[in-house]
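S.K.: Sequence and predicted structure, then a few things I'm wondering about:
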Amino acid sequence: QVQLVESGGGLVQAGASLRLSCAASGLTFSSYTTGWFRQAPGKEREFVAAIRRSVGITYYTDSVTGRFTISRDNAKNTMYLQMNSLRPEDTAVYYCAAGAPITIPTMKLLRNWDYWGQGTQVTVSA
């Protein structure tokens, strides 16, 4: 049974940093494209960042480029999202996902991701 478990969320002030983790069991992360999404209250779930399977290329949505860094420790089967210079608009539930998309357009579509975690709340106060 595949499980993705996020951790590391919390309440921080604007400008602070957080590191999210996503631990996987039942699948081998390195064989999948893995990514992070977020969903703010009243909004749709949106793509944040991803690491493409096999080649390890990273992709980011424009609003987090330069502030967030996605990484993966294949030996630990764990993915991370280092979030720096956090802003109130980053407040959301953050989800990790695993699937097979390999281009930005396909990564942005929820239906292209096979497995999801339960989410972790990130709240950034002004």
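M.R.: In hand now; what should we look at? Numbering: from 1, shown residues only.
S.K.: where's the residue most central in space within the chain, which helix or strand?
M.R.: Using Cα atoms, centre = their mean, the residue of the chain that lies closest to the mean C-alpha position is Trp36, 1.8 Å off. Assigned by DSSP states H and E, Trp36 belongs to strand 33-39.
S.K.: Look up how far Asp90 lies from the nearest residue to the residue nearest to the centre of the chain once chain neighbours are set aside.
M.R.: Excluding its sequence neighbours, the residue lying closest to Trp36 (Cβ to Cβ, 6 or more residues apart in numbering) is Val48, at 4.3 Å. (Glycine included, C-beta is placed from N, CA and C.) Using Cβ to Cβ, to the nearest Å, we find Val48 at a distance of 9 Å from Asp90.
S.K.: which residues do the two both contact?
M.R.: Residues touching both Val48 and Asp90 (Cβ atoms under 8 Å, 6 or more residues apart in numbering): Arg38, Val64.
S.K.: then the lowest-mean-pLDDT helix or strand in the chain to PDB, C-alphas only?
M.R.: Lowest by mean pLDDT, DSSP states H and E among the helices and strands of the chain is helix 104-107, with a mean of 92. Taking Å, rounded to 0.1, in the frame of the first residue of the first chain, the C-alpha atoms of helix 104-107 are listed here in PDB:
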ATOM      1  CA  ILE A 104       5.100  21.500 -16.800                       C
ATOM      2  CA  PRO A 105       1.700  21.500 -18.500                       C
ATOM      3  CA  THR A 106       1.100  17.900 -17.500                       C
ATOM      4  CA  MET A 107       2.500  18.500 -14.000                       C
END
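S.K.: Contacts for it, please.
M.R.: Counting by Cβ under 8 Å, 6+ apart, Thr33, Gly35, Phe47, Ala50, Tyr59, Pro101, Asn112 sit against helix 104-107.
S.K.: Test my guess that the second one contacts Cys96.
M.R.: Spelled out, it's Gly35. Yes. Using Cβ atoms under 8 Å, Gly35 makes contact with Cys96 at a distance of 7.1 Å.
S.K.: And the two? Which one has more around it.
M.R.: Applying other Cβ atoms under 10 Å to Gly35 and Cys96 shows that Cys96 carries more neighbours, namely 30 against 27.
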